[in-house]
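Engineer: No letters, just coordinates:
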C-alpha cells in the first residue's frame, strides 16, 4: 500500500517538474521587465533605482535557473 502511494506521488511530481521550470522562466521574464520599467521611469529616487536593479537581477537569476534545470 505504501509503495503504491509513493509511486503515485513520484509520478505526479515527475509530471509537474517541467511546469515548474517553465513558470520559473516566465516569472523571471516578468520580473526583469518590471525592473526595466522601474529603472527607466522618469523618477530620480535612488531607492527606486536600487529596487529596480535588484528586481532585474532576481529576474535574470530566475531565467537562468529555469533554463539550467530544463537542460539537466
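Structural biologist: That came through, no problem. Not measured: the values here are computed from a predicted model. Residues are numbered from 1 along each chain as shown.
Engineer: so how far is the longest helix along the chain from its chain's centroid?
Structural biologist: Longest helix of the chain, by residue count under DSSP state H: helix 2-39. Taking Cα atoms, centre = their mean, to the nearest Å, one finds helix 2-39 lying 8 Å from the centre of the chain it belongs to.
Engineer: pLDDT (mean, whole number) over that helix?
Structural biologist: In this model, helix 2-39 has an average pLDDT of 91.
Engineer: What's the first helix or strand after it?
Structural biologist: helix 46-71 (DSSP states H and E).
Engineer: centre of the chain versus that next one, how much separation?
Structural biologist: Its chain's C-alpha centre and that of helix 46-71 lie 8 Å apart, by Cα atoms, centre = their mean.
Engineer: helices and strands around it, which ones?
Structural biologist: The elements that helix 46-71 packs onto, with contact taken as 3 or more Cβ pairs under 8 Å, 6 or more residues apart in numbering; DSSP states H and E, are helix 2-39. In this view, the C-beta of every residue, glycine as well, is placed from N, C-alpha and C.
Engineer: starting at the chain centroid, how far to stretch 21-40?
Structural biologist: For stretch 21-40, the distance to the chain centre is 8 Å (Cα atoms, centre = their mean).
Engineer: if we can go back for a sec, and the longest helix of the chain with helix 46-71, angle?
Structural biologist: 140 degrees (axes from the mean of the first three to the mean of the last three Cα atoms, to 10 degrees).
Engineer: Contacts only, for residue 51.
Structural biologist: residue 38 (Cβ atoms under 8 Å, 6 or more residues apart in numbering).
Engineer: Now do the spatially closest residue to residue 62 that is not a sequence neighbour: how many residues are near it, please.
Structural biologist: Closest residue to residue 62 in three dimensions, ignoring its sequence neighbours and counting by Cβ to Cβ, 6 or more residues apart in numbering: residue 28, at 3.1 Å. Using other Cβ atoms under 10 Å, residue 28 has 20 neighbouring residues.
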